[in-house]
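Trainee: Attaching a predicted model along with its sequence, questions to come.
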Amino acid sequence: MASLFRHLVTDSDASSAMLFLLSPKEPVLQLSMLYGTSWTVLSSWARIHVEEAVPAAEATRERRMVWVGDSEELALHYPRLALMVPEHAVAAAPIFSGAAVQGAACLLWPPSHPRRLRPEEAAAIETFCRRAGLLLQRSTRRGHPLLPGKRPMALTAERSRTPDQAEALAAHDYAMRLPGAMSLDLEGRITFVSNAASDLLGVGAADLLGARPWERLRWLGGSDFEDLFRATVIGHQPAQFNVTRAPDVYLSIELYPDASGVSVHMAALPRTTPAGQHQHVLPFVEATEIKPFHLLMHLAASLTETVRVSDVAETIANQFLPAFDATGLVLMTASEGRLRVVGHRGYDTAFLSLFDGHSLASDNPPAKALTGHGPLFFTSFDEFQQTYPEAVQYGTRNAWAFLPLIIRGRPVGILVLSFDRPRRFPPTERNLLVSVAGLVAQALDRACLHEARDDLARTLQTGLLPQRLPAVPGLRAAARYLPAAHGMDVGGDFYDLIRCGTAIATAVIGDVQGHNVRAAALMGQLRTAVHTHAAVGMRPDDLLTRTNQVMCDLDPGLFASCLCIQLDLVRRRALLATAGHLPPLLRHPDGRTEALALPPGLLLGIVADAHYVAVDIPLSSGLTLALYTDGLVEAPGIDIDDAIGALAGRLAHAPNDDIESLTETLVGDASLNPRTDDIAILLVHVTN
């Protein structure tokens with residue numbers, strides 16, 4: 001796979017590339033291989049949920065190549081990625097193993113790239129994805145599937161040739177003659193430093209090699225060095241900045257990246273040293289892995305996309321754990337005086353059940369941190385036990401951070417991070433963790449509010465729908481209602497089956513315009529009016545006329561569609577009338593299926609004197625009628641007639657033995673895929 005991936009970058013002339021493989025256990029893309037960039041830079045992209053707004057996830061989700069060649073398009077559709085590579089062109093393509101998507105390749109080009117993907121670049125991507133898919137398929141068949149590792153494999157550019165001794169010495173002499181020269185690998189570690197550069201930095205070469213400059217030199221830690229290094233590694237564009245090493249030492253630092261690393265040129269700026277002052281060099285400090293600006297920027301952008309509590313937990317787990325090398329995470333909310341576990345990573349539910357539901361008055365670290373003690377840090381299990389002798393160690397966990405999540409003095413929850421090795425938590429890292437906790441608190445509070453309002457609206461809506469369908473001799477009926485999977489608003493879809501005496505029943509389905517609580521409330525009023533009129537045996541055309549008048553009298557400013565079918569089981573006839581609703585599907589006893597065209601009728605609520613026409617059809621034993629709302633058939637880019645035809649095809653070929661199973665068949669993938677509209681379906685089967 002590494003050879004194929006390297007050829008992909010070479011053939012497409014991309015500046016950097018990432019290979020993601022789909023986890024076999026969850027809908028998550030894991031970063032498995034990278035080229036021309038570093039794990040240090042991309043650690044927050046180690047795991048991407050397939051529903052996230054990033055090109056690799058979209059390519060996987062929609063099973064197509066994604067191309068973004070314009071900075072405005074990048075910022076509009078992929079704001080998180082735009083923060084990292086604001087001017088770059090991006091391509092992502094799915095990798096198929098058979099019919100299943102097993103991963104995605106993502107490539108980046110510098111701002112100089114044309115707005116359109118070149119044919120040879122597209123061909124290189126398609127060739128790689130095809131060959132990679134075959135390799136994944138072959139490996140799986142042999143019993144050795146290629147699975148994502150804990151950390152991605154980092155590939156660097158292969159040298160076209162090895163310089164001879166004379167060339168190597170000439171290059172060395174050239175670097176030594178510069179005012180200051182240094183080489184960094186893609187992880188930011190110093191691999192070469194000239195004597196002049198060592199003098200400018202004020203630290204010996206032996207103390208610099210293998211270290212990251214911003215970690216080894218305190219005075220560089222507050223500069224732009226780390227952020228500019230990340231930008232150059234990702235964007236493959238040079239960068240320059242000035243920095244003050246001491247009151248009398250001013251340096252110009254230039255960064256020149258390629259796919260193998262970054263060359264650094266530095267020089268002293270020509271400034272006069274004030275008389276009587278001497279040079280003062282601050283000591284180097286212990287290295288730390290924290291990445292303040294980059295992490296906060298990326299996490300803030302990610303959290304703005306979260307909607308539900310589970311989204312918040314997933315986002316911080318995917319980005320927090322790799323960035324800090326943490327091995328465990330627990331997210332709790334504070335509700336009604338108790339802590340509730342709402343998300344976790346690296347723990348099993350049996351262990352967490354020991355702490356779920358604890359009172360905020362409990363004498364334990366989460367409660368203490370949240371009720372006024374502030375963040376708690378334990379650098380080892382020994383220190384943890386000294387404070388809490390009854391503390392339980394999970395696995396090899398050996399350090400903890402308990403971060404209270406507070407909004408304007410109000411406790412929202414607690415975020416717990418754990419590590420397998422002792423950790424010092426230096427002041428800079430503690431400050432960063434507290435800052436991150438502030439971002440998480442806002443996102444969690446927003447998500448909790450969203451879910452509370454969502455649950456209230458859903459309760460209202462489902463409470464207005466039939467809790468169960470009545471038993472009608474001679475009929476078998478089943479219904480399903482699926483709320484929209486996107487956003488907090490609820491729709492106005494409704495259905496009902498009303499008994500009108502011993503041998504007559506009325507089936508009805510409708511959809512109120514809009515997705516909000518008003519639509520749901522109007523749906524309840526509309527269903528009540530329909531039920532009242534149907535219960536006295538009113539014909540469908542008269543029922544729609546009366547209901548339309550009621551709706552116009554209410555003047556809600558909304559419209560509704562409605563389909564009404566009265567079934568007379570003695571006469572074996574059915575009357576059907578529609579108010580702008582989708583046509584019913586009829587499956588005849590011989591399996592023949594059709595969408596029944598009815599005389600059009602105005603939507604309810606437009607004009608009070610609208611007229612509706614009923615159609616009479618025979619009811620034979622074995623006939624099945626399907627009533628449904630547009631959420632089941634409408635999709636972007638798909639003709640509505642084609643979608644109804646596809647639904648009719650599923651109805652025609654599905655087993656007709658069990659009405660409940662038939663309902664599930666028709667709903668099909670709609671119950672699994674994200675939906676922007678509610679779905680209601682009512683099936684009625686005529687028996688002997």
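Mentor: Looks like it arrived, so ask away.
Trainee: which secondary element of the chain has the worst mean pLDDT?
Mentor: helix 292-303 (a mean of 67; mean pLDDT, DSSP states H and E).
Trainee: And the strands in the stretch 501-650 of the chain, which stretches?
Mentor: Ranges of strands within the stretch 501-650 of the chain are 504-515, 560-568, 573-579, 585-587, 593-595, 615-618, 624-628, based on DSSP state E, counting those that start in this stretch.
Trainee: which is the next helix or strand following the least confident helix or strand of the chain?
Mentor: Beyond helix 292-303 on the C-terminal side, the first helix or strand identified by DSSP states H and E is helix 309-324.
Trainee: Tell me which residues are up against that next one.
Mentor: Residues outside helix 309-324 that contact it (Cβ atoms under 8 Å, 6 or more residues apart in numbering): 28, 43-44, 46-49, 289-291, 295, 298-299, 302-303, 305-306, 326-327, 329, 331, 333, 342-346, 415, 417, 419, 436, 440, 443-444, 447-448, 451. Heads up, the C-betas are built off the backbone N, CA and C, glycines and all.
Trainee: CA atoms of it as CSV?
Mentor: The C-alpha coordinates for helix 309-324 follow below in CSV (Å, rounded to 0.1, in the frame of the first residue of the first chain):
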residue,chain,number,x,y,z
VAL,A,309,-24.4,15.6,23.2
SER,A,310,-23.0,12.5,21.5
ASP,A,311,-21.5,14.8,18.8
VAL,A,312,-19.7,16.8,21.4
ALA,A,313,-18.3,13.6,23.1
GLU,A,314,-17.2,12.2,19.7
THR,A,315,-15.5,15.4,18.6
ILE,A,316,-13.5,15.9,21.8
ALA,A,317,-12.6,12.2,21.9
ASN,A,318,-11.4,12.2,18.3
GLN,A,319,-9.3,15.3,18.8
PHE,A,320,-8.3,15.4,22.4
LEU,A,321,-6.9,11.9,22.9
PRO,A,322,-4.4,12.0,20.0
ALA,A,323,-3.3,15.6,20.7
PHE,A,324,-2.4,14.9,24.3
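Trainee: Just the C-alpha atoms of the following helix or strand past that helix, please, in CSV.
Mentor: Downstream of helix 309-324, the first helix or strand assigned by DSSP H and E is strand 328-335. What follows is strand 328-335, C-alpha atoms only, in CSV (Å, rounded to 0.1, in the frame of the first residue of the first chain):
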residue,chain,number,x,y,z
GLY,A,328,-9.2,7.6,28.3
LEU,A,329,-11.9,10.3,28.3
VAL,A,330,-15.2,10.6,30.2
LEU,A,331,-17.8,13.3,29.6
MET,A,332,-20.5,13.9,32.3
THR,A,333,-23.4,16.3,32.5
ALA,A,334,-24.6,17.8,35.7
SER,A,335,-28.4,17.4,36.0
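Trainee: now for strand 328-335, which elements pack on it?
Mentor: In terms of contacts (3 or more Cβ pairs under 8 Å, 6 or more residues apart in numbering; DSSP states H and E), strand 328-335 is packed against helix 309-324, strand 338-345, strand 410-419, helix 427-464.
Trainee: Compute the distance from the centre of the second one to the centre of its chain.
Mentor: Put simply, strand 338-345 sits 20 Å off its chain's centre (Cα atoms, centre = their mean, to the nearest Å).
Trainee: Any stretches of the stretch 1-150 of the chain with poor pLDDT?
Mentor: The model of the stretch 1-150 of the chain has pLDDT under 70 over residues 72, 75-76, 79-80, 83, 86.
Trainee: Run through the helices of it in chain order.
Mentor: 2-12, 39-42, 55-62, 71-77, 79-84, 119-141 (DSSP state H, counting those that start in this stretch).
Trainee: As CSV, the ones you listed with mean neighbour count and distance to Asp678 would be great.
Mentor: Listed next are the helices of the stretch 1-150 of the chain as CSV, based on neighbours: other Cβ atoms under 10 Å; distance: least, Cβ to Cβ, whole Å:
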stretch, mean neighbour count, distance to Asp678
helix 2-12, 17, 43
helix 39-42, 20, 39
helix 55-62, 22, 21
helix 71-77, 14, 26
helix 79-84, 19, 28
helix 119-141, 16, 36
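Trainee: And those helices: which comes nearest Ala175?
Mentor: Distance to Ala175, taken as Cβ to Cβ, is lowest for helix 39-42 among the helices of the stretch 1-150 of the chain, at 24.3 Å.
Trainee: what comes into contact with the closest one?
Mentor: So helix 39-42 is contacted by 18, 31, 34, 151-152, 154, 186-188, 230, 233-234, 291, 294 (Cβ under 8 Å, 6+ apart).
Trainee: Looking at those residues, which is nearest Gln467?
Mentor: Gln467 lies nearest to Leu31 out of those, by Cβ to Cβ, at 47.3 Å.
Trainee: what sits against the closest residue to that closest one other than its chain neighbours?
Mentor: The shortest distance from Leu31 to any non-neighbouring residue, by Cβ to Cβ, 6 or more residues apart in numbering, is to Pro152 (4.6 Å). By Cβ under 8 Å, 6+ apart, the residues touching Pro152 are 18-19, 31-34, 39, 42, 46.
Trainee: how is the chain carved up into domains?
Mentor: 2-155, 168-268, 306-457, 465-686 (automatic domain parsing).
Trainee: Reformat the helices of the stretch 1-150 of the chain as TSV; add distance to Ala595.
Mentor: As requested, those are exported to TSV (distance: least, Cβ to Cβ, whole Å):
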stretch	distance to Ala595
helix 2-12	47
helix 39-42	50
helix 55-62	28
helix 71-77	36
helix 79-84	42
helix 119-141	38
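Trainee: closest one to Ala680 among those helices?
Mentor: Judging the helices of the stretch 1-150 of the chain by Cβ to Cβ, what sits closest to Ala680 is helix 55-62, at 25.4 Å.
Trainee: tell me which strands and helices the closest one is in contact with?
Mentor: For helix 55-62, the packing partners by 3+ Cβ pairs under 8 Å, 6+ apart are strand 16-22, strand 28-35, strand 47-49, strand 66-68, strand 89-97, strand 100-109.
Trainee: All good on my end, thank you.
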